[in-house]
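Asks: let me see the structure of the following:
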Amino acid sequence: MQIRYIGFPLGAVLIWAGNIIINKIAAGVIAPEDISFYRWVLAALLMSPFLARQTWAARAEIRPHLGKILALALMGMVLFQSLAYFAAATSSATSMGIITSLMPLLTLLLSIQLLSEPPTVGTLAGGVLSLLGLTVLIGRGHPLDLFDNGVVIGDLLMLLATVAYGLYGVMLRRWALPLRTWQLLYMQVLMAMVLLFPGFVFGHHSPVTSDNLPVLLYAGIAASILSQFLWMRGVAHLGASRCSIFVNLMPVFTVIIAVVVLGEELYGYHAVGGLITLVGVIMAQVLKQRLPMRRAKAG
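Replies: Numbering: from 1, shown residues only. Below you'll find the model as predicted:
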């Protein structure tokens, strides 16, 4: 691995971890439907001077793929981020970060079904271990209490958001749309604006103030554009598989930032559940031995 390029994926993951903190801060200063819409409007305004003309010129190439682009925007930009904003109302930033760390594992599990990739020892063992860690985390250290007390709605929403983004990654790979990366991203941003507009119109409106403006700027610039640029540069220099390893650092970064910035307390179940989950995710990425598959009998 070339050390000088590590800063690209590391920077992207650090921004994503910071965005979880921003989600938590946003819960108290702006309505979820408003920040969901505003962030993509801001991203579109910043990207349009560089991409609008060339994207319009390529409209004949883009038109046949509009349905798939719409689906990608729905999974990766609308559902993932909107659910995260709603989750932040009841879930701690620490829990959100740990749940988000399941994304590489969920991507692998979804790939087995949707990309016909063979299961491995890592996906099976890591999946079971991560599920155990998740029950410890969501059960606040007492997994069996889930049957009596249920789950915190924010944790469940964050889990659904993570599943949506895992599905986004798998479908992005399955469809492999023949478009330039920045054009595809720009089109998804525009589609996200369209999909989120009804919720913005009929939702609770929050005026842009000095309290929520920094949140909007971080979400619209750092989390929506800069992190994507850093990640793409990292993949170009190091490869997707090497970059995915850095995602495992996101819960660590999130916990540190949450404790320092938000003053959240770190409980034992965070450490135990997070560690078990993280070990499971790493196992899924490292243990590549394929499981033997039963073949149908002839005749």
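Asks: look up how far Met250 lies from Leu266.
Replies: From Leu266 across to Met250, the span is 16 Å (Cβ to Cβ, to the nearest Å). Glycine gets a C-beta too; all of them are placed from N, C-alpha and C.
Asks: between those two, which one's more packed in?
Replies: Neighbour totals were compared for Leu266 and Met250, and Met250 leads with 23 against 14 (other Cβ atoms under 10 Å).
Asks: just checking, the more buried one touches Ser101?
Replies: Yes - counting by Cβ atoms under 8 Å, Ser101 is a contact partner of Met250 at 5.8 Å.
Asks: against Leu45, how distant is the closest residue in space to Leu46 that isn't next to it in sequence?
Replies: Leaving out its chain neighbours, the residue that sits closest to Leu46 by Cβ to Cβ, 6 or more residues apart in numbering is Ile225, at 6.4 Å. As defined by Cβ to Cβ, Ile225 lies at a distance of 11 Å from Leu45.
Asks: list the helices and strands the helix or strand hosting Pro9 packs on?
Replies: Taking DSSP states H and E as the definition, Pro9 sits inside helix 7-26. Here helix 7-26 touches helix 80-87, helix 93-100, helix 213-217, helix 227-238, helix 240-246, helix 250-257, going by 3 or more Cβ pairs under 8 Å, 6 or more residues apart in numbering; DSSP states H and E.
Asks: shaky segments in the stretch 101-250 of the chain?
Replies: For the stretch 101-250 of the chain, the stretches with pLDDT under 70 are 138, 140, 142-151, 240-241.
Asks: where do the strands sit along it?
Replies: Counting by DSSP state E, counting those that start in this stretch, the stretch 101-250 of the chain forms no strands at all.
Asks: which positions in the following helix or strand past the helix holding Pro9 come out as buried?
Replies: For helix 7-26, the following helix or strand on the C-terminal side (DSSP H and E) is helix 32-57. By 16 or more other Cβ atoms under 10 Å, the buried positions in helix 32-57 come out as 32-44, 47, 51, 55.
Asks: among the helices and strands packed on helix 7-26, which is nearest Leu160?
Replies: Closest to Leu160 of those, according to Cβ to Cβ: helix 80-87, at 5.6 Å.
Asks: next one: the closest one to chain centre, how far?
Replies: 10 Å (Cα atoms, centre = their mean, to the nearest Å).
Asks: need the residues that contact that helix.
Replies: 20, 23, 26-27, 32-33, 35-36, 39, 96, 153-155, 157-158, 160-162, 164-165, 168, 196, 199 (Cβ atoms under 8 Å, 6 or more residues apart in numbering).
Asks: any idea of the mean pLDDT for that helix?
Replies: Mean pLDDT, helix 80-87: 90.
Asks: now do the buried residues in it.
Replies: Neighbour-count burial for helix 80-87 [16+ other Cβ under 10 Å]: Phe80, Gln81, Ser82, Leu83, Ala84, Tyr85, Phe86, Ala87.
Asks: and what of stretch 178-185?
Replies: Neighbour-count burial for stretch 178-185 [16+ other Cβ under 10 Å]: Leu179, Trp182, Gln183, Leu184, Leu185.
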